[in-house]
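Asks: quick one: sequence and predicted model below, then my questions.
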Amino acid sequence: MNSSQVLDVKRVLAVLEEQVFQSTGRYLTEVEKVLIKGVWDSKDYKEMASDSGYNAYYLQQKVAPPLWSMLSVIIGDGVKVTKISLKSILLKLAKSDYRKEEASRLDNDSFVGNIRIHGELPKIKSFYGRKDEINYFKKQITLFKERCIVFTGVGGIGKTLLASRLVEEITFDSLSSIYECIIWKTINHSLSIDELVIDLNKIFQVDIEASENSFIDSISLLSKQLHLHRCLLVIDGFEKLLLADDFGKRLQYEKFLLKLTEGKHESCIIITSQLPLKEFASVTTKLPIRSFKLEGLDVNAGMQILQEKGLTGQECKRLIENYSGNPSSLEALADRINRFFEGSVKTFFRYQTTMIDPQLETMLHQQFGQIGLLSNLQRQIMIYLAEEMSENSTPIQFSKLIDNLKERVDFKLSVFELITAIEVLEQRSLIEIAGKSNKREASYSLQVSIKKYILVDPLGLVHKIPDTIQTREVTLWATA
Ligand SMILES: Nc1ncnc2c1ncn2[C@@H]1O[C@H](COP(=O)(O)OP(=O)(O)O)[C@@H](O)[C@H]1O
Ligand SMILES: [Mg+2]
């Protein structure tokens, strides 16, 4: 809420006068307005008198008592209106009026009970599995008051749907009254971080233009709104904001995350992003952000998705395993098996082919196509893994990876750089790692669809190293 609008005395008088008129059939007189304005400005009767030309005795003894009595009935709500209590009563009145107007102005919004919903939550046709995750995050948000939760993971893994389900459960839960409003903001590729901040401020009726305020002022205004209102804000598809090779922008992402999570506000921000947030911002102070990398669905949930599409049988389990339980991959696969293989998973396996679903493919286009996102070394690791695993799908051991890469790349390979490159790839779910926890040498592999994408290289992005990164062997994002 824009407090300057709320605190404008003219507006307060207009609201009050409307109420007086509805109750008594008359408007406030000039002298009554003098008193109310005087109280608003915390003046005593003498000051009011000298400002207005009325006699102080007349104001205090003749006008004030009947005015306070009348206002006690109209706006007191059980509290006696006096010169001392009037201002706080007027403030309340103005705020509730402002809220009403604000709500009616936002035709984009809807209400669930008292909660204002801004933006459109994705429709959930069916939702399988992830029960433990939902319960866990619900607790983190409602009980432990986490201020920022981030879901990361590859395209199509279910980040958006999980966030949507979580918001639904929180909204329809009896605990929901902890939030006044829910804002769902989907990021599209044309949006910049500056525009995002302006858009979010507008939702709170804080009207600013980029040119009028510095970026930092705009975020401060937004942060203030999150302190003023208990708000559940979802920013879906944060990775689309990222301009990986623009250092100035990286500082802005950093400020955005710092400012929105600082202080003990009671709002919560849920962010979904294909890229881990530490790739956006190299903040040295620890942010109060909880990040979770989503893995695929479990076998039961995967089976439910396939069954819904009419696929049955034991081979379905192999399908789920091969595609790492990625729900959008399973859905796209089931559609194609129905269309081309008469719904027989067995027949599909006979052709020994691999499919890439559109959501995952879009993500890979971005990863390989956007300047500054994948370093040359990271590309070489992925290409090597894809080629090595094209014949034999056994994961590749770390020592073998080093030895073979050394022979392949035409630059001096540092093991430290290799390790940091692998870590980034793993955090982005672009490579999979086995044997991490049991002190055995780690081995690396690729999910089948990613392997296929690299080998087919449908848009020629995999092998085309953007000029700007050709000479930089260490990724900008090696801070991970
Ligand atoms: N838990 C789930 N149960 C059923 N279907 C799911 C589930 N999670 C995701 N899906 C399906 O996969 C698709 C992709 O999920 P989405 O949330 O858009 O992925 P992401 O945001 O990670 O790219 C959804 O449109 C939905 O059809
Ligand atoms: Mg999404």
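Replies: That came through, no problem. Ligands and ions are numbered 1, 2, ... in the order given.
Asks: bridge partners for the one residue sitting closest to the centre of the chain, pull those for me.
Replies: Geometric centre of the chain, nearest residue: Ile235, 2.2 Å, by CA atoms, centre = their mean. Counting by DSSP bridges, Ile235 forms beta bridges with Lys185, Ile271.
Asks: from here on, call the first residue 29.
Replies: In the new numbering, first residue 29, that becomes Ile263.
Asks: pretty sure it contacts Ile298?
Replies: Yes - Ile263 lies in contact with Ile298 (CB atoms under 8 Å); the separation is 7.4 Å. Heads up, the C-betas are built off the backbone N, CA and C, glycines and all.
Asks: any idea how many residues pack against Glu460?
Replies: Other residues near Glu460 number 17, with proximity taken as other CB atoms under 10 Å.
Asks: where's it relative to Ile478, distance?
Replies: Glu460 is 9 Å from Ile478, where distance means CB to CB, to the nearest Å.
Asks: shared neighbours of these two, which are they?
Replies: Shared contacts of Glu460 and Ile478 (CB atoms under 8 Å, 6 or more residues apart in numbering): none.
Asks: I'd say Lys111 and Trp96 touch.
Replies: Yes - in this structure Lys111 lies within contact range of Trp96 using CB under 8 Å: 7.4 Å.
Asks: returning to what we had before: and the pLDDT for the residue nearest to the centre of the chain?
Replies: Here, the pLDDT recorded for Ile263 equals 97.
Asks: got it, and Leu219?
Replies: In this prediction Leu219 is given a pLDDT of 87.
Asks: same question, Val34
Replies: Per-residue pLDDT puts Val34 at 42.
Asks: and for Asp245?
Replies: 87.
Asks: list the buried ones in the helix or strand that contains it?
Replies: Assigned by DSSP states H and E, Asp245 falls within helix 243-256. Going by neighbour count (16 or more other CB atoms under 10 Å), the buried part of helix 243-256 is 243, 246-247, 249-254.
Asks: the helix or strand containing Glu197 close to ligand 1?
Replies: Using DSSP H and E, Glu197 sits in helix 187-200. Yes - remark: helix 187-200 sits within contact range of ligand 1 at 187-189, by CB under 6 Å from any ligand atom.
Asks: tell me how far the residue of the stretch 29-178 of the chain found nearest ligand 1 lies from Val195.
Replies: Ranked by CB to the nearest ligand atom, the top residue of the stretch 29-178 of the chain for proximity to ligand 1 is Tyr156, at 4.0 Å. Distance from Tyr156 to Val195, counting by CB to CB: 18 Å.
Asks: rewinding a little: setting aside sequence neighbours, what's the nearest residue to the residue of the stretch 29-178 of the chain closest to ligand 1?
Replies: Ala329 (3.8 Å; CB to CB, 6 or more residues apart in numbering).
Asks: next, count neighbours for that neighbour.
Replies: Around Ala329 there are 19 residues (other CB under 10 Å).
Asks: shaky segments in this protein?
Replies: 29-35, 124, 126-137, 140-141, 200-205, 235-241, 311-313, 463-466, 493-508 (pLDDT under 70).
Asks: how about a cut-off of 50?
Replies: The model of the chain has pLDDT under 50 over residues 29-34, 132-135, 203-204, 497-508.
Asks: which strand or helix spans the residue nearest to Tyr156?
Replies: Going by DSSP H and E, Ala329 is part of helix 327-336.
Asks: what are the buried residues along that helix?
Replies: 329-334.
Asks: quick revisit: any chance of the residues of helix 187-200 next to ligand 1 in JSON lines, plus neighbour count?
Replies: JSON lines is the format used below for the residues of helix 187-200 next to ligand 1 (neighbours: other CB atoms under 10 Å):
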{"residue": "Lys187", "neighbour count": "25"}
{"residue": "Thr188", "neighbour count": "20"}
{"residue": "Leu189", "neighbour count": "21"}
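Asks: which residues does Tyr412 contact?
Replies: Contacts of Tyr412 by CB under 8 Å, 6+ apart are 424, 429, 432-433, 436.
Asks: among those residues, which are in helices?
Replies: Within the contacts of Tyr412, residues falling in helices by DSSP state H are 429, 432-433, 436.
Asks: pick the one among those closest to Ser442.
Replies: Leu433 (11.2 Å; CB to CB).
Asks: quick one: contacts for the closest one?
Replies: 408-409, 412, 441, 446.
Asks: which one of these sits in the busiest neighbourhood?
Replies: Per-residue neighbour counts (other CB under 10 Å) across these peak at Ile409, which has 26 neighbours.
Asks: where's that residue relative to Gln253, distance?
Replies: Using CB to CB, Ile409 is found at 43 Å from Gln253.
Asks: cool, Arg54 as well?
Replies: The gap separating Arg54 from Gln253 is 38 Å, by CB to CB.
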